[in-house]
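S.K.: mind looking at a prediction? Sequence and model below.
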Number of protein chains: 2
Amino acid sequence: MNIEIHMEELKELVETKQFRKLKFVLEKLNEADIADFLEDLSSEQATLVFRMLSKDLASDVFAYLPVEVQRELINGMTDNEVQNIVEDLFVDDAVDMLEELPASVVRRVLENAKPDTRKTINQFLNYPDNSAGSIMTAEYIALHKDMTVSQSFDYIRAHGQNKETIYILLVIDKSRHLEGVVSVKDLLMHKYEDHIQDIMNTNVINCYTTDDQEEAANLMKKYDLMSLAVVDKENRLVGIITVDDAVDVLQEEATEDIQKMAAIVPNEQTYLRTGVFDTWKARIPWLMLLMVSATFTGLIIDSFEAALSACVALTGFIPMLMDTGGNSGSQASVTVIRGLSLGEIEFRDILQVIWKEVRVALCCGVTLAAVNFVKIWIVDRTLFGRTEITLAVDAVVCLTLMLTIICAKLIGCTLPMLTYKLGFDPAVMASPFITTIVDAVSLLIYFELAKTLLDVL
Amino acid sequence: MNIEIHMEELKELVETKQFRKLKFVLEKLNEADIADFLEDLSSEQATLVFRMLSKDLASDVFAYLPVEVQRELINGMTDNEVQNIVEDLFVDDAVDMLEELPASVVRRVLENAKPDTRKTINQFLNYPDNSAGSIMTAEYIALHKDMTVSQSFDYIRAHGQNKETIYILLVIDKSRHLEGVVSVKDLLMHKYEDHIQDIMNTNVINCYTTDDQEEAANLMKKYDLMSLAVVDKENRLVGIITVDDAVDVLQEEATEDIQKMAAIVPNEQTYLRTGVFDTWKARIPWLMLLMVSATFTGLIIDSFEAALSACVALTGFIPMLMDTGGNSGSQASVTVIRGLSLGEIEFRDILQVIWKEVRVALCCGVTLAAVNFVKIWIVDRTLFGRTEITLAVDAVVCLTLMLTIICAKLIGCTLPMLTYKLGFDPAVMASPFITTIVDAVSLLIYFELAKTLLDVL
């Protein structure tokens, strides 16, 4: 790919105002690349270049632009230009854009849309955020079951030009109830005079407008679908979800999970386009909550002040115990969270998960405790000559380590599953939250063991 | 979806040996659901039920099964049955399977394949793991540019039955060099007598067999492609990647990133199918490394033993400082890592990223320090009556908190970017690793400030 070189050349052309040459080059580029290029330009330059594009190319490029650039372009357009863009966009792209634009711009866009388009857009805008309805498109091809293959091809030729996909054709009755599905491949593999009803697959996999978009995308992934029919409560076809939108949903959901796992309030904008204040707003709630919860860990340490003064060697091992506990817990929780979100684990597997984590925790605990025991004895005591580390201290540290790891893995695997069962997103039960709990648990174990075995306090 | 109910009924049928009824029901199910059902059966039951499926359905179902079940089934098959399955599988599915099977089973499968199939499979097995070549399929349709639309349709009708996708057609010359691409939609929108060379798009987006699979999948996502042509070094067409495989790659890569972020060595098997020993092997290396690194944090505490005994109030704030620092660092690192992997951030953006993180860190630092200052004064000192917490101690804690957050965010955003620049996967520079570094940094700040401002030591 030599897109990068193109970009530099194109910018050069804009800056030296060689517009005729620029136009010639742009016509040869892919719309996604032109969108990338427009993003890098100033607002005035972008408007200027966008105007150069042919009408069809313009709306294709428009659909690939981030919403900030779309807004800037709309602000620089005449009403007529706005109307052309809106009419040419697929409904789902138009709706995606309108959901992010300020109310004044939305009004201007809707005022310039034709009545039919306006009606469809308004209907789509009413589907709840993150629902299957909000990502579906209205541009699909529907056939009737008494059509022949030959008639179907004529119909596709007549109506397919502006449809987002023509390869999956839905078969509906007169009241738009979904009856079956047939692919262009099926049509091509049958004789021209065959009837749709003899070819169609009546076992249609579909979803409802109100289903969660992630559910719909997972359905498409599971069954390797190119498009998924969306029906309303009365089983009437209202739209389809295409695979490119499903891919975006899966990627967004993965990003959202990752953000939640890192104690960030999810945010759909890309990093560089999010302002400092918005980034602060996404990060501060969890930081604040976790900071306040860490107070309890502090209280535990304070209440064992006497033990710590009696045996000063104990303090130095606190970070290692807390970190190892936190890491062990995160490993379990993150694995379980991802398994739940990919549908590989269900709540009914909880006993199997716990049984497995206990065994893994035992293996990890024994390994780490053994290595740590030897390391403390050889490095800390012998090499560094820290004679205050007795065999008993070493034993307390390593026993704590093992018990902490077992508790951490248990907490790490059960908390997300319980959260999931209660209907919340398990992703918030990841590293930072688990770490805070495990910190407290590990210190309690540590000090109780020290009190019992070391005769301090 | 009432798949769950189906499953119970189907199991009942197996257990009561109502095989005729079972066969009847199975024929109506989707192949992905049948595969789900087989997974839940014992090895003998699965073999028995699999034998009931019609030949075509059997190989479709086979492609959806996890490799462990595939192996069990193959072990129970005659050579003839193995041959039928291998010939019917798409090459990419066959290769996926063979890559995971033990050598003895692979030999048996290859011995039972026809010479042509064997040659293709062997060629595919030679592409490096995680390369575009390893996920492509050889079942595509290629046209020549002097064909007409009508001839193309005849060709598709004659050769399309066993192709994975027929909608994107690649145009090649006599030496298989890629010349263009045309979709069935393009064909349908043109007259039957038009020539391919007048319709085809010569601006083909393609990748090379040796490209990383993630790059190929991102390319498909960026350009909303249904399939991507894969060429060899001489620009000769060797295969295509279909969108369902690209979706799997994107999901796998997200899972891999999440695993690395949680200090787990990535593993492609699903959680419940990974043995205890393999899970241990995936988790122990980072736990061990991080445990040993945490020793340094311990050394810092030990070297400030005198300061800690002089001012016992200091110890209790250590967990809060370490945790908040760790969380702040993770937020920055995870955001940057995800941005890098989605292609939203490049190394050249490093100054912009640092400038942004500094400002966000300042906002977060000031907010948290202020809240903490008031909380310590009101709750810890006044409510709990801990008079050893002087105004100076409170100031040291909050100043440390602010400086730690700034350092944590800086380390959190720069380390992944540098790792990326050096050609390594930035995902390993996530929470656990950052936490360990930030722990040490926060303690150093804490004790230095305490020494300077509190006159201890």
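M.R.: Structure received. Residues are numbered from 1 along each chain as shown, chains lettered A, B, ... in the order given.
S.K.: show me the helices in the stretch 301-450 of chain A, by range?
M.R.: Ranges of helices within the stretch 301-450 of chain A are A:305-310, A:318-341, A:350-375, A:391-421, A:431-454, based on DSSP state H, counting those that start in this stretch.
S.K.: OK, contacts around the residue lying farthest from the centre of chain A?
M.R.: Here chain A reaches farthest from its C-alpha mean at residue A:387, the gap being 52.5 Å by CA atoms, centre = their mean. By CB atoms under 8 Å, 6 or more residues apart in numbering or on different chains, residue A:387 lies in contact with residue A:381. C-beta here means a position set from N, CA and C on the backbone, and glycine is covered the same way.
S.K.: with the one 5 residues further on instead?
M.R.: Contact analysis of residue A:392 by CB under 8 Å, 6+ apart lists A:453, A:454.
S.K.: state the distance from it to chain B.
M.R.: 18 Å (CB to the nearest CB, to the nearest Å).
S.K.: coming back round to it: most tightly packed of the helices of the stretch 301-450 of chain A?
M.R.: Mean neighbour count (mean count of other CB atoms under 10 Å in any protein chain shown) peaks for helix A:318-341 among those, with a mean of 28.
S.K.: for that one, what does the pLDDT average out to?
M.R.: Per-residue pLDDT values across helix A:318-341 average out to 88.
S.K.: same question for stretch A:395-402.
M.R.: The model assigns stretch A:395-402 a mean pLDDT of 94.
S.K.: which pLDDT value belongs to the residue farthest from the centre of chain A?
M.R.: So residue A:387 comes in at 83 (pLDDT).
S.K.: and it, how close does it get to chain B?
M.R.: Note on residue A:387: its distance to chain B, by CB to the nearest CB, is 13 Å.
S.K.: what do you get for residue A:90?
M.R.: Distance from residue A:90 to chain B, by CB to the nearest CB: 11 Å.
S.K.: okay, now that residue: neighbour count?
M.R.: 19 (other CB atoms under 10 Å in any protein chain shown).
S.K.: so it makes contact with residue A:135?
M.R.: No - with contact defined as CB atoms under 8 Å, residue A:90 does not reach residue A:135; the gap is 11.5 Å.
S.K.: quick one on the thing from earlier: any idea how far the residue farthest from the centre of chain A lies from residue B:296?
M.R.: Look at residue A:387 and residue B:296: by CB to CB, to the nearest Å, they are 21 Å apart.
S.K.: and what of residue A:109?
M.R.: Relative to residue B:296, and taking CB to CB, residue A:109 is found at 58 Å.
S.K.: of these two, who's got more company?
M.R.: The neighbour count for residue A:109 versus residue B:296, taken as other CB under 10 Å, is higher for residue A:109 (24 against 15).
S.K.: what mean pLDDT does the helix or strand that that one is a member of get?
M.R.: For residue A:109, the host element (DSSP states H and E) is helix A:103-111. Computed over helix A:103-111, the mean pLDDT rounds to 79.
S.K.: coming back round to it: I'd like to know which of the helices of the stretch 301-450 of chain A is closest to residue B:162.
M.R.: helix A:318-341 (34.7 Å; CB to CB).
S.K.: thought residue A:362 was touching residue A:409?
M.R.: No - in this structure residue A:362 lies outside contact range of residue A:409 using CB under 8 Å: 9.2 Å.
S.K.: quick revisit: by contact count, what packs against the helix holding residue A:109?
M.R.: helix A:67-75, helix A:79-88, helix A:91-100, helix A:115-125 (3 or more CB pairs under 8 Å, 6 or more residues apart in numbering or on different chains; DSSP states H and E).
S.K.: would you mark the buried spots in it?
M.R.: A:105, A:106, A:109, A:110 (16 or more other CB atoms under 10 Å in any protein chain shown).
S.K.: could you dump that helix to CSV, C-alpha only?
M.R.: Extracted C-alpha coordinates of helix A:103-111, given in CSV (Å, rounded to 0.1, in the frame of the first residue of the first chain):
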residue,chain,number,x,y,z
ALA,A,103,-30.0,19.6,17.2
SER,A,104,-29.7,22.7,15.0
VAL,A,105,-27.8,20.8,12.3
VAL,A,106,-30.2,17.8,12.5
ARG,A,107,-33.2,20.2,11.9
ARG,A,108,-31.5,21.6,8.9
VAL,A,109,-30.7,18.2,7.5
LEU,A,110,-34.3,16.9,8.1
GLU,A,111,-35.9,20.0,6.6
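S.K.: could you check the pLDDT of the nearest residue to residue A:328 once chain neighbours are set aside?
M.R.: Leaving out its chain neighbours, the residue that sits closest to residue A:328 by CB to CB, 6 or more residues apart in numbering or on different chains is residue A:408, at 4.2 Å. Residue A:408 is assigned 93 on the pLDDT scale.
S.K.: residues contacting residue A:408?
M.R.: So residue A:408 contacts A:325, A:326, A:328, A:329, A:332, A:361, A:434, A:438, A:441, A:442 (CB under 8 Å, 6+ apart).
S.K.: hang on, the earlier thing: who touches the helix holding residue A:109?
M.R.: Contacts of helix A:103-111 (CB under 8 Å, 6+ apart): A:71, A:74, A:75, A:79, A:82, A:86, A:94, A:98, A:101, A:118, A:121, A:122.
S.K.: distance check, the last one against residue A:381.
M.R.: Remark: distance between residue A:122 and residue A:381 (CB to CB) = 75 Å.
S.K.: more crowded one of the two?
M.R.: Set residue A:122 next to residue A:381 and count neighbours by other CB under 10 Å: residue A:381 wins out with 19 against 13.
S.K.: read off the pLDDT value for that one.
M.R.: Residue A:381 carries a pLDDT value of 86.
S.K.: what's around the residue lying closest to it once chain neighbours are set aside, how many residues?
M.R.: Of all residues not flanking residue A:381 in the chain, residue A:389 sits nearest, at 4.8 Å (CB to CB, 6+ apart). Residues near residue A:389, counting by other CB under 10 Å, number 21.
S.K.: show me the contacts for residue A:389.
M.R.: A:313, A:376, A:380, A:381.
S.K.: residues contacting the first one?
M.R.: Taking CB under 8 Å, 6+ apart as the definition of contact, the neighbours of residue A:313 are A:386, A:388, A:389, A:393.
S.K.: any weak-confidence spans in chain A?
M.R.: Counting by pLDDT under 70, chain A contains low-confidence ranges at A:1-5, A:431, A:456-457.
S.K.: how about the residue nearest the centre of it, nearest residue that isn't a chain neighbour?
M.R.: Compute the mean C-alpha point of chain A, and by CA atoms, centre = their mean the closest residue is residue A:253, 1.8 Å away. Excluding its sequence neighbours, the residue lying closest to residue A:253 (CB to CB, 6+ apart) is residue A:214, at 5.0 Å.
S.K.: next one: phi and psi at that neighbour?
M.R.: phi -70, psi -40 (degrees, to the nearest 10).
S.K.: ok but residue A:239 is inside a helix, no?
M.R.: No - going by DSSP: H, G, I helix; E, B strand; the rest coil, the assignment for residue A:239 is strand, not a helix.
S.K.: right, and it touches residue A:137 too?
M.R.: Yes - counting by CB under 8 Å, residue A:239 touches residue A:137, with 5.8 Å between them.
S.K.: more crowded one of the two?
M.R.: residue A:239 (27 against 22).
S.K.: so how many other residues sit close to the residue nearest to that one when sequence neighbours are not counted?
M.R.: Among residues not flanking residue A:239 along the chain, residue A:136 sits closest, at 3.5 Å (CB to CB, 6+ apart). Neighbours of residue A:136 under the rule other CB under 10 Å: 28.
S.K.: give the contact list for residue A:136.
M.R.: A:92, A:124, A:209, A:230, A:238, A:239, A:240, A:241.
S.K.: from chain B, how far off is the first one?
M.R.: Counting by CB to the nearest CB, the gap between residue A:92 and chain B amounts to 12 Å.
S.K.: next: the second one.
M.R.: Here residue A:124 is placed at a distance of 20 Å from chain B (CB to the nearest CB).
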